[in-house]
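>>> What shape does this take:
(3 chains)
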Amino acid sequence: MPRPVGRVGPEGPVRSGLGTLETRRRRIGLAALVPTLLILLLILAYPIVDSLLLSLASVNVAASGFARHFAGLDNYLALAGDRVFRDALWSSAYFTALEVGLVVVLALLVALMLVHPLGRSPIFRIVLIVPWAIAPVANAVLWKWILNANYGVLNAVLVELGVIERNVVWLGTGSRALHALLLVDVWKSVPFIAILFFAGINKIPAMLYRAARLDGANAWQQFWYVTLPSLRPTIAVAVILQTLWALRIFDLIYVLTKGGPAGGTVLLNYLAYRTTFNDLDLGYGAAIANVVFALSFLLALIYVWLLRPGLQHGRA
Amino acid sequence: MATQAGATKIGRRDALRYGAGAAGSLAALWAGGMRPAWADDVALNVLCPLPPDPAPPGAAKFSEDALASWQKANGAKVSYDAVAWPQLHDKMATNFASGTHVWDVVYMSGWVPEFAKFTTPFVDKLPADLVKDLPPSSFSTVTWDGKKSGVVFTLSLLTLFYNTEHFEKAGIKEPPKTWDELKGMAKQLTGGGRYGWVLNYGDPAGIGGVASYWMCFLQQAGGKVYGADGMPAFNSDAGVAALQVMLDLMKDGTDPGSISYVGINDATNVLLAGNASMMMNWPFMWKPAQDPAGSKIVGKLGGALLPAGPAGTASIDGTDAWTITATSKNPDLAQKLIEFYLDPEVQKRQVLDTGWLPIRLSTLSDPDVQKAAPNAAIVLEQAKHPYDSFVTPDYTQVTTAIGTEIQKALQGGQSAKDAIQSASDQVTAIVKKRS
Amino acid sequence: MRSIVAVGLASFTFLAVAPLLWMLISSVMQQQALTSTPPDFSAGSFTLDNYVKVFSSAAALGRGFLNSFIVALSTTAAALAIGAPAAYALARLSVPGANPILMMILATQMFPGIVIAIPLFIAMSRLGLIDTQLALIIVYLSFNLPIVVWILRGFFLAIPAGLERAAAVDGATMVQVFSLIVLPISIAPLFATAVFAFIESWNEFFFALILTRQSAQTAPLVISQFAGQYQTVFGQMMAAATLAVAPVVALAVVFRNRIMRGFAEGMVKG
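So this is what the prediction gives:
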């Protein structure tokens, strides 16, 4: 039977030592947590661990079906010397860095505009949400059509405006295709991050801006000395989330370029897919996937570390 | 196999009740196992492409009455999983990896050697009169390790298609018969927003990828992909010359968008819109070209043999074939179904109603068929020359490697010689890994 | 400054909306008009034929939408029902090892899903769940649960402890505090998380492809069928895409304010 026990703060009971209340709280906490952990463990832990084991094996479908032969670290060693993998790693790093940079900057601009009196209208909020809500596959199909060399509306418009003389084959070289993919994914990713920033900016106390204005700060200085520092934790969140998402890009490549031309748009996730499903080299594909996993995990650790000082900040 | 009970229970929003319902269905499934829904009829499941890709009666709209009678006569119930073509390989790979039985009959295109372990070699059990009516070389791509595991059901070879109106206007009397003529005409026909040649070079791999197109030219130059020892044999004059033709065409006369066209439909659209004059395509192309809804060149399409290289003309096989899975519980009935698909009447309707040529030689020479599909005669003629697709278990991996090098050359990034050399090295590594 | 912002807003609106507008316009144009250079916008080029053709595979379309709806709704409901208590536990109930657990939960998000498709398929087929909505719900649940837990935990951390303290003093149990005090004031982030999970489940493609056959096909699979190997009627493709996208976009638009407000509370605290 519950008894009034005084202060129950978020960090635990004020009284030191484990009382019955404390144990009960922990038990309830664990009980609440168990279904989640169980589901994740049952559904995802098995395939992930299985994938790890698979990466330490070699599978040769034509010779012996899906049987696994233990191969130790062979797959990982092979990765180190594989030029295709290295290219994919480099392309992914380049793509991710650019995407995160572009998305964060553009999202910030959009958020600032929405905060401005001119941007208060609900129309802009609707406009913002729409690209985010489209299914990635539908998005890919749409952009494949827009970027079509002969009938794409992008070429048609640019030629009409006189910006270009002849149709450009947007997906014609590895480099151009990679940048086209970048643009499309940035287009789709900006809304969500902009919402984040918008929320973050709204939380900044107006008092800070007033104080800055009293000190004679102009718009740019207000932005630099008030907005940006207050947004630091939010920007950190945005950077890490967008990095994780950029590393997982797949649908666009699958529909638009299939990794071409000349392997220019083979990014890590797509390479893992192609190796597993097209080449049926399951062991090698699993190794690539685990490398992506390790990279993402590292980045997430950085995120958690970056955010801790922010936590204190927000509590005030 | 779908759980009817589970599906209705899931409609409830309440999480708790949903959970109980789900647990209940799971338990039922565990206890009951998987049963076909009909106790009397034998269920035959077929994995096939979605029309307009080659699909069997029932999935495509032809010979449906015949299928109904066949099912009644054989006490069978045929159900189709018709999937968009690009998704077929992934689905069957996943399924084979699991070892569960889902389909009895599976469509394959260039994957028979790859999945040889998961199919049953049944071709030797086919009736002799059927086998005699099929072109012998159609079995080369569905045979591996001496075992014939599939039967091709449509004669699908790449041939030349061209715009007769463009040719007339340019004063060209006949389609190109040699490489030089091809290059010359492509150049001549380019201009005014139109191009002489278009093809989809965007996907490196598979049948219909850029590597497979190169294999046409390779054979036209008298080359082969593999030697008798199974090792790559294309790092030769023939291999380089074949790529060089494509490069020369690319420089003068090819739609620059070709490098970005990932599917053949992208290239077909260009021809059908009248923006290009020539391309290689599968026999099926004839039908959509005559459809005014999508084509601007109705009645203006001409067909011809692929231009000849130093060793004559040659092509590749589309290898659309039926196979029987090793996990099938009714392989004999499945074989009967395939024989039904190859029935002369069904084959005739296949071409008349859907545009996919029959494989039966007798049906191909049927005057009705020849009238409805004017390109049938051309394809038959093309079939008298080499048309090997060089399908091996690692066909996808090999064509990815070769195709990527070819794409680099097409972009001007490397010479034909370097591309072929590099491709050969990579393929050697792949083949070595397999053995 | 005003003019810069105005120009910025105009360009932003145009860039965000133009592609979708084009999708809508193409979906009502004929193939011939679309393949002309430049596209032919004369009155005769417009037609509802594309939608007619898409609807004539109505059985598949209707079923696809229904399946998507059921799967997305169930996943969302389950994710909230299971994830909210878990999030509260991690935020308030001093669970031992909360931070490592949190990292582990997040870690499941980092694995490229593509590669676990095969083991998942094998597991599902052993359970006899291939081509069922249940299989998709289970898989999507595992994808969405981590994000739900994460967002809600952040929000719960930010709630002033005073409310819960007062209730405890009055003799409320933990469960009562959670359901009667905390939940009611968390409507905004709960809502936002629900919409997020719904959209993610609706839009997912690859696992739907691998785990379904005919009965449990979802909306994205239906659109993908319009990109065949030999023929692409662009208008039909765009019509199918429009239809598949419409419900989700409508949802996001109708609830845009709740979404924005909800994320304001949840994400910033992490």
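>>> show me the residues around A:Met113 that make contact.
Taking C-beta atoms under 8 Å, 6 or more residues apart in numbering or on different chains as the criterion, A:Met113 is in contact with A:119, A:124, C:5, C:8-9, C:12. No exception for glycine: its C-beta is placed from N, CA and C like everyone else's.
>>> How about it, nearest residue that isn't a chain neighbour?
Setting aside the residues directly before and after it, A:Met113 is nearest to A:Gly119 in space (C-beta to C-beta, 6 or more residues apart in numbering or on different chains), at 4.6 Å.
>>> Give me the neighbour count for that neighbour.
21 (other C-beta atoms under 10 Å in any protein chain shown).
>>> these two touch, right, it and C:Ala10?
No: in this structure, A:Gly119 is not within contact of C:Ala10 by C-beta atoms under 8 Å, at 10.8 Å.
>>> residues in contact with the residue of the stretch 1-150 of chain A found nearest chain C?
Closest approach between the stretch 1-150 of chain A and chain C, counting by C-beta to the nearest C-beta: A:Gly29, at 3.0 Å. With contact taken as C-beta under 8 Å, 6+ apart, A:Gly29 is in contact with C:89-90, C:92-95.
>>> quick revisit: how much space between the residue nearest to A:Met113 and chain B?
Noted for A:Gly119: a distance of 37 Å to chain B, by C-beta to the nearest C-beta, to the nearest Å.
>>> Can you tell me, leaving aside adjacent residues, what's nearest to the residue nearest the centre of chain A?
When C-alpha atoms, centre = their mean is applied to chain A, the residue found nearest the centroid is A:Trp245 (2.1 Å). Distances taken as C-beta to C-beta, 6+ apart put A:Ser189 closest to A:Trp245, at 6.8 Å, once the chain neighbours are dropped.
>>> Now do the buried residues in the host helix or strand of that neighbour.
Using DSSP states H and E, A:Ser189 maps to helix A:174-202. By neighbour count on 16 or more other C-beta atoms under 10 Å in any protein chain shown, the buried set for helix A:174-202 is A:174, A:176-178, A:180-182, A:184-201.
>>> follow-up on the earlier one: in terms of helices and strands, where is the residue of the stretch 1-150 of chain A closest to chain C?
Judged by DSSP H and E, A:Gly29 forms part of helix A:20-40.
>>> Let me know the next secondary structure element after that helix.
Next helix or strand after helix A:20-40 toward the C-terminus (DSSP H and E): helix A:46-55.
>>> Buried residues, the following helix or strand past that next one. List them.
Helices and strands here follow DSSP H and E; after helix A:46-55, the next one along the chain is strand A:57-59. For strand A:57-59, a neighbour-count test (16+ other C-beta under 10 Å) marks A:57-59 as buried.
>>> Partner strands of strand A:57-59, with direction?
Its sheet considered, strand A:57-59 pairs with strand A:68-70 (antiparallel) by DSSP bridges.
>>> From the contact counts, what lies against the helix or strand that comes right after the partner strand?
Once strand A:68-70 ends, the next helix or strand along the chain (criterion: DSSP H and E) is helix A:74-80. Applying 3 or more C-beta pairs under 8 Å, 6 or more residues apart in numbering or on different chains; DSSP states H and E, we find helix A:74-80 packed against helix A:282-315.
>>> any idea of the mean pLDDT for the helix it packs on?
Helix A:282-315 shows a mean pLDDT of 75 in the predicted model.
>>> residues near A:Thr243, how many?
Using other C-beta under 10 Å, A:Thr243 has 21 other residues around it.
>>> Ok, C:Leu73 next?
Counted with other C-beta under 10 Å, residues neighbouring C:Leu73 total 21.
>>> before we move on, what about the one 5 residues further on?
Applying other C-beta under 10 Å, we find 24 residues neighbouring C:Ala78.
>>> related to what we said a few turns ago, phi, psi of the residue nearest to A:Met113?
Phi and psi for A:Gly119, reported as degrees, to the nearest 10, are phi -100, psi 10.
>>> and the residue of the stretch 151-300 of chain B nearest chain A?
B:Gly257 (3.0 Å).
>>> State the distance from that residue to A:Gly101.
As judged by C-beta to C-beta, to the nearest Å, B:Gly257 and A:Gly101 stand 30 Å apart.
>>> Over to B:Trp356?
Applying C-beta to C-beta, the value for B:Trp356 to A:Gly101 is 50 Å.
>>> more crowded one of these two?
Between B:Trp356 and A:Gly101, B:Trp356 has the larger neighbour count (other C-beta under 10 Å), namely 27 against 13.
>>> which SS state does that one fall under?
Secondary structure, DSSP: H, G, I helix; E, B strand; the rest coil: B:Trp356 is coil.
>>> looking at it, it is touching B:Arg349, isn't it?
No: when contacts are counted by C-beta under 8 Å, B:Trp356 is not listed as touching B:Arg349 (10.4 Å).
>>> What pLDDT does the model give C:Ala167?
The predicted structure lists C:Ala167 with a pLDDT of 79.
>>> That one falls within a helix, correct?
Yes: counting by three-state DSSP, C:Ala167 is part of a helix.
>>> Stretch A:250-265: how far from the chain's middle?
Relative to its chain's centre, stretch A:250-265 lies at 19 Å (C-alpha atoms, centre = their mean, to the nearest Å).
>>> Point me to the helix or strand that includes the nearest residue to C:Ile259 once chain neighbours are set aside.
Nearest non-adjacent residue to C:Ile259, counting by C-beta to C-beta, 6+ apart: C:Ala192, 5.0 Å away. Using DSSP H and E, C:Ala192 sits within helix C:187-203.
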